[in-house]
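>>> Model the structure of this input:
(one chain, ligands or ions: 1)
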Amino acid sequence: MVGTVSVVHAQGVVRVYGEGDTAVRALHGVDVEIEAGQLTAVMGPSGSGKSTLMHILAGLDRPTSGSVMIDGIEITTLGDDALTKLRRQHIGFIFQFFNLLPMLSARDNIVLPLTIAGEKPDSGFFDDLVRRVGLADRLTHRPAELSGGQQQRVAIARALVSRPTVVFADEPTGNLDSRTSGEILTLMRSSVEEYGQTTVMVTHDAKAAAMADRVLYLADGEIVKETGRSSQHEILQIIDTMDLQ
Ligand SMILES: Nc1ncnc2c1ncn2[C@@H]1O[C@H](COP(=O)(O)OP(=O)(O)OP(=O)(O)O)[C@@H](O)[C@H]1O
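A predicted model of the protein is given here:
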């Protein structure tokens with residue numbers, strides 16, 4: 001497509017779990033490109049391979065065969081140390097259950113990816129980020145002293161603080177009530193608009209997918225449909241028509 005740059009490029013991705021009679025073929029040869037500056041949603045029924053695909057695109061798991069390039073680097077052949085370094089430099093993660101460190105303050109959780117890399121946050125960017133995510137007056141609190149929505153805001157700030165090539169979010173609103181989910185989705189959308197943050201979000205929720213620029217539909221380990229920006233109603237219709245419940 002003219003005018004777009006792909007930052008993640010996967011080709012022929014196959015993932016088989018186990019061996020012999022009990023082997024499960026979770027991905028059947030997926031080709032996908034993730035475009036810079038876009039929010040891409042991945043939808044599909046339970047067991048369709050969404051988490052497997054996300055983990056492989058993010059370098060958390062290796063495909064049985066196929067190629068994955070992040071920012072022009074083939075990651076499937078990297079050794080463990082090089083892969084860890086690449087994840088640190090290029091990838092941010094947001095999980096359903098926040099995955100914050102309980103003993104650290106919100107501030108220390110947010111800057112953790114930089115601390116591990118031996119770097120310091122750019123103070124202008126850090127201040128802007130915590131203001132945008134609405135945590136400026138919560139930075140000394142530990143996760144247990146924060147609401148679920150606030151904890152996910154900390155996790156979003158942690159994912160964004162290193163300005164990664166791509167943020168992967170696995171069901172980021174799956175553990176939140178609908179009002180808080182709406183706030184978190186708005187925040188993720190604004191990180192795409194304002195920081196140009198390339199983001200891939202796995203979700204079951206058509207409302208979440210309606211925030212995306214592009215929606216990929218997975219079924220039985222294959223991408224079976226792709227749409228551009230779509231309303232919640234349009235997404236629900238596709239899920240219904242294609243029997244992707
Ligand atoms: N570690 C594993 N060992 C064996 N099979 C696995 C493993 N992880 C996933 N699978 C299988 O691979 C398939 C895809 O699973 P995956 O978790 O990627 O689906 P999903 O679309 O993310 O599902 P959900 O929406 O329920 O999280 C499923 O059949 C699942 O049972």
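
>>> Can you pull the residues of the chain lying near the ligand?
Residues of the chain found near the ligand (CB under 6 Å from any ligand atom) are 17-18, 24, 26, 44, 46-52. All C-beta spots, glycine's among them, are computed from the backbone N, C-alpha and C.

>>> Need the max-distance pair from those residues.
G18 and G44 (21.1 Å; CB to CB).

>>> Give me the more crowded residue out of the two.
Per other CB atoms under 10 Å, whichever of G18 and G44 has more neighbours is G44, with 26 against 9.

>>> Once you drop chain neighbours, what's closest to the more buried one?
Nearest residue to G44, sequence neighbours excluded (CB to CB, 6 or more residues apart in numbering): L218, at 3.4 Å.

>>> Can you pull the phi and psi angles for the one you found?
phi -110, psi 140 (degrees, to the nearest 10).

>>> any idea which helix or strand carries the residue positioned nearest the centre of the chain?
When the chain is reduced to its mean C-alpha position, the nearest residue by CA atoms, centre = their mean turns out to be F168, at 1.6 Å. Element membership of F168 [criterion: DSSP states H and E] is strand 166-170.

>>> Who are the packing partners of that strand?
Judged by 3 or more CB pairs under 8 Å, 6 or more residues apart in numbering; DSSP states H and E, the packing partners of strand 166-170 are helix 50-57, strand 91-94, helix 148-160, strand 199-202.

>>> quick one: buried residues of whatever helix or strand comes next after that strand?
Moving toward the C-terminus from strand 166-170, the next helix or strand (DSSP H and E) is helix 178-195. Within helix 178-195, the residues that count as buried by 16 or more other CB atoms under 10 Å are 180-182, 184-185, 187-189, 191-192, 195.
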